[in-house]
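Enquirer: the sequence and its predicted three-dimensional model are supplied below.
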Amino acid sequence: MRELRTFELDEPDRPVTWRARHGQSVTALEGRLWLTVEGHIADIWLRPGDVMALPEGDRVWLSGDARGARFMLAEAPAPWSLRRAVFIARQLGRRWGERKTDAFGDCPQVSA
């Protein structure tokens, strides 16, 4: 199952940006879209019907060349094992942060 969202850009040449998640792709629906992906040398122009798979974790900038440019953002859910690993890592990070407290609370420690 995939999640599909449709967006319309209000102002031409004013980019929107986000960090791509697992399984995201952009499909141009109306107007031409200018797509820049972090770490890629060249920018990409998408015409209606063109699809671009986005690399997970990279920052994406997207703008249209005319008012009312529309695009669809599709996202496939991350595999269960990847979601589970991220959940466990976050839980461990929280627990690690809780344990990094000073044994004396806010009192300064005195060296002998």
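Expert: Yes, it's here. Residues are numbered from 1 along each chain as shown.
Enquirer: nearest residue to the middle of this structure?
Expert: For the chain, the residue nearest the mean C-alpha position is residue 19 (2.4 Å; C-alpha atoms, centre = their mean).
Enquirer: which one is it nearest to, not counting chain neighbours?
Expert: Using C-beta to C-beta, 6 or more residues apart in numbering and skipping residues adjacent in sequence, the residue nearest residue 19 is residue 59, 5.5 Å away. Where C-beta positions appear, they are placed from N, C-alpha and C, glycine not excepted.
Enquirer: show me the contacts for that neighbour.
Expert: 17, 18, 19, 20, 37, 38 (C-beta atoms under 8 Å, 6 or more residues apart in numbering).
Enquirer: for it, what are phi and psi?
Expert: Dihedral pair for residue 59: phi -80, psi 140, per degrees, to the nearest 10.
Enquirer: just the pLDDT for it.
Expert: Residue 59 carries a pLDDT value of 91.
Enquirer: same deal with residue 3?
Expert: 78.
Enquirer: again, but for residue 80
Expert: Per-residue pLDDT puts residue 80 at 66.
Enquirer: let's have the contacts of residue 59 in CSV, adding pLDDT and distance to residue 96.
Expert: Putting the contacts of residue 59 into CSV (pLDDT from 0 to 100; distance: C-beta to C-beta, whole Å) gives the following:
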residue, pLDDT, distance to residue 96
17, 91, 31
18, 90, 28
19, 88, 24
20, 87, 28
37, 92, 33
38, 88, 29
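Enquirer: wait, the residue nearest to the centre of the chain touches residue 61, no?
Expert: No - using C-beta atoms under 8 Å, residue 19 is not in contact with residue 61; the gap is 11.0 Å.
Enquirer: how near is the residue nearest to residue 19 to residue 40?
Expert: Using C-beta to C-beta, to the nearest Å, we find residue 59 at a distance of 11 Å from residue 40.
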